[in-house]
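Chemist: Fold the stuff below for me.
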Amino acid sequence: MSHPFKHLKTVNKHRFLVFTNGCHLGIGFHCLFHDLSKFSPTEFNKSSKYYQGVMSPVYAERLSNGYF
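Modeler: Numbering: from 1, shown residues only. As a prediction, the model looks like this:
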């Protein structure tokens, strides 16, 4: 089952944390562009399909496809 809204919340929380920590380091502008590929339809749809909550969706996809 796909969880697009939960995945969107997780990605936005991650980007916010990266941005705030980047501001402390003086690279806040660079951090605004961090992980923008997560919003592309290809990556977002696949990641929301394998959304796990606490585990990486990329890792869950690899497990389900037998790569590990």
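
Chemist: what about the nearest residue to Lys49 once chain neighbours are set aside, is that helix, strand or coil?
Modeler: What sits nearest to Lys49 in space, not counting adjacent residues and going by Cβ to Cβ, 6 or more residues apart in numbering, is Ser2, at 5.0 Å. Quick note: C-beta positions are derived from backbone N, CA and C, even for glycine. What DSSP: H, G, I helix; E, B strand; the rest coil gives for Ser2 is coil.

Chemist: May I ask which helix or strand encompasses Glu43?
Modeler: Counting by DSSP states H and E, the element that carries Glu43 is helix 41-49.

Chemist: Next one: Val11 relative to Lys49, how far apart?
Modeler: From Val11 over to Lys49 the distance is 14 Å, taken as Cβ to Cβ, to the nearest Å.

Chemist: same question, His34
Modeler: Taken as Cβ to Cβ, the span from His34 to Lys49 is 23 Å.

Chemist: Can you give me the neighbour number for the residue nearest to Lys49?
Modeler: Applying other Cβ atoms under 10 Å, we find 13 residues neighbouring Ser2.

Chemist: mind listing what it touches?
Modeler: Shown in contact with Ser2 (Cβ atoms under 8 Å, 6 or more residues apart in numbering): 45, 48-49, 51.

Chemist: Tell me where the chain is predicted with low confidence.
Modeler: Flagging of the chain using pLDDT under 70 yields the residue ranges 1.

Chemist: Helices of that one, start to end?
Modeler: 4-25, 28-31, 41-49, 57-65 (DSSP state H).

Chemist: would you list the ones you listed in TSV and tack on mean neighbour count?
Modeler: Listed next are the helices of the chain as TSV, based on neighbours: other Cβ atoms under 10 Å:
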stretch	mean neighbour count
helix 4-25	14
helix 28-31	14
helix 41-49	14
helix 57-65	13
